[in-house]
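Participant: Quick one: sequence and predicted model below, then my questions.
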Amino acid sequence: MSNLAENYRSSGTIAESQRTAAKVVGLLYLAMMATSIFFDVFIWRKLIVSGDVAATASNIIASERLFRTGVVFELITCAGDIALVIGLYVLLKPVGRGLALLAAFWRLAESVIFAVLAISSMVVLIFLGDAKHLHAFTPEQLQALARVVISAHGAGFNISLGFLGLGGTVFAYLLFKSRYVPRAFGALGVFAYLLMLAYSVATIINPSVAVLSLAPYAPAGVFEIGCGLWFLFKGVRIPESA
């Protein structure tokens, strides 16, 4: 066990920076959950029609401002995730610096991919725009190109959730080990993020698995809401002696 881990076990205290980080993590868990759900339910699912290129293009053109609002929500989620990762690292670094750093890098990879997805959304608007250099293409061709980018957006989102599953599993394990919260939270987190990772890999290998939609992500949602509320209203517990 590292000196950091020994110190956090033996001191019986929690640094003020960790207490602050816990509050930030709690707030961001809840805020990022809210922005993600809003984006998916009230923007993405409202505009994107599965299997219908023309209807999707028509929806985006008719509701361009709503689509652009979705891009803003993607960027907000990306920025919030980066702050969340820093908070988790500060909170859990004394438990295991190496693992906390590994988890942070995996989660940052997720954020980078998510930023690229926001760029791809702007590319969709370019294809569906009225720029002169696009007049060489027919409307049907432009709609098809936009749909390809939207499909790539979905694939990239799934890959980003794979990295979320990797980093989330390690952070949840450190949370379980730390006893900063009831161990049931950490155990649920490990299970939830491993399930997310497995689902991400499964849909890459066999796209038909995607019919399960958001169900495999539900345990992670329960974990993040539960931990978010705990950190906000109870903070972190002094770890018990080994």
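Facilitator: Alright, I've got the coordinates. Numbers count the residues shown, from 1 in each chain.
Participant: tell me which element the residue lying closest to Val90 once chain neighbours are set aside falls in.
Facilitator: Distance criterion CB to CB, 6 or more residues apart in numbering; nearest residue to Val90, sequence neighbours excluded, is Ala21 at 4.0 Å. Every C-beta, even on glycine, is put in place using the N, C-alpha and C of the backbone. Per DSSP states H and E, Ala21 falls inside helix 16-38.
Participant: Can you name the residues in contact with that helix?
Facilitator: Residues from elsewhere that reach helix 16-38 (CB atoms under 8 Å, 6 or more residues apart in numbering): 73, 76-77, 80-81, 83-84, 86-88, 90-91, 94, 180, 221, 224-225, 227-233, 235-236.
Participant: Please, which helix or strand holds the closest residue to Arg179 other than its chain neighbours?
Facilitator: In this structure, Arg179 finds its nearest non-sequential neighbour in Pro239, 4.6 Å apart by CB to CB, 6+ apart. Using DSSP H and E, Pro239 sits within no helix or strand.
Participant: going on from the longest helix seen in the chain, what's the next piece of helix or strand?
Facilitator: In the chain, taking DSSP state H as the definition, the longest helix is helix 139-178. Downstream of helix 139-178, the next assigned helix or strand under DSSP H and E is helix 183-205.
Participant: Could you figure out how far the next helix-or-strand element following that next one is turned away from helix 183-205?
Facilitator: Note on helix 183-205: by DSSP H and E, the next helix or strand toward the C-terminus is helix 218-233. Helix 218-233 runs at 140 degrees relative to helix 183-205, counting by axes from the mean of the first three to the mean of the last three CA atoms, to 10 degrees.
Participant: quick one: contacts of helix 218-233?
Facilitator: Residues contacting helix 218-233 (CB under 8 Å, 6+ apart): 22-23, 25-30, 32-33, 168, 172, 175, 181-182, 185, 188-189, 191-193, 195-196.
Participant: what do you get for stretch 78-85?
Facilitator: With CB under 8 Å, 6+ apart, stretch 78-85 has contacts from 24-25, 28-29, 31-32, 35, 104, 107-108, 110-111, 114-115, 118, 167.
Participant: Name only those of the contacts of helix 218-233 that count as buried.
Facilitator: With burial judged by 16 or more other CB atoms under 10 Å, the buried subset of those is 22-23, 25-30, 32-33, 168, 172, 175, 181-182, 185, 188-189, 192-193, 195-196.
Participant: Just list the residues touching Phe67, thanks.
Facilitator: Neighbouring residues of Phe67 by CB under 8 Å, 6+ apart: 43, 47, 60, 121, 124-125.
Participant: Does it lie in a helix or a strand, and which?
Facilitator: In this structure, Phe67 sits in helix 64-92 according to DSSP H and E.
Participant: so after that helix, what's the next helix or strand?
Facilitator: Toward the C-terminus, helix 64-92 is succeeded by helix 97-127 as the next helix or strand (DSSP H and E).
Participant: Return the helix or strand in the chain with minimum mean pLDDT.
Facilitator: Least confident helix or strand, the chain: helix 3-11 with a mean of 49, by mean pLDDT, DSSP states H and E.
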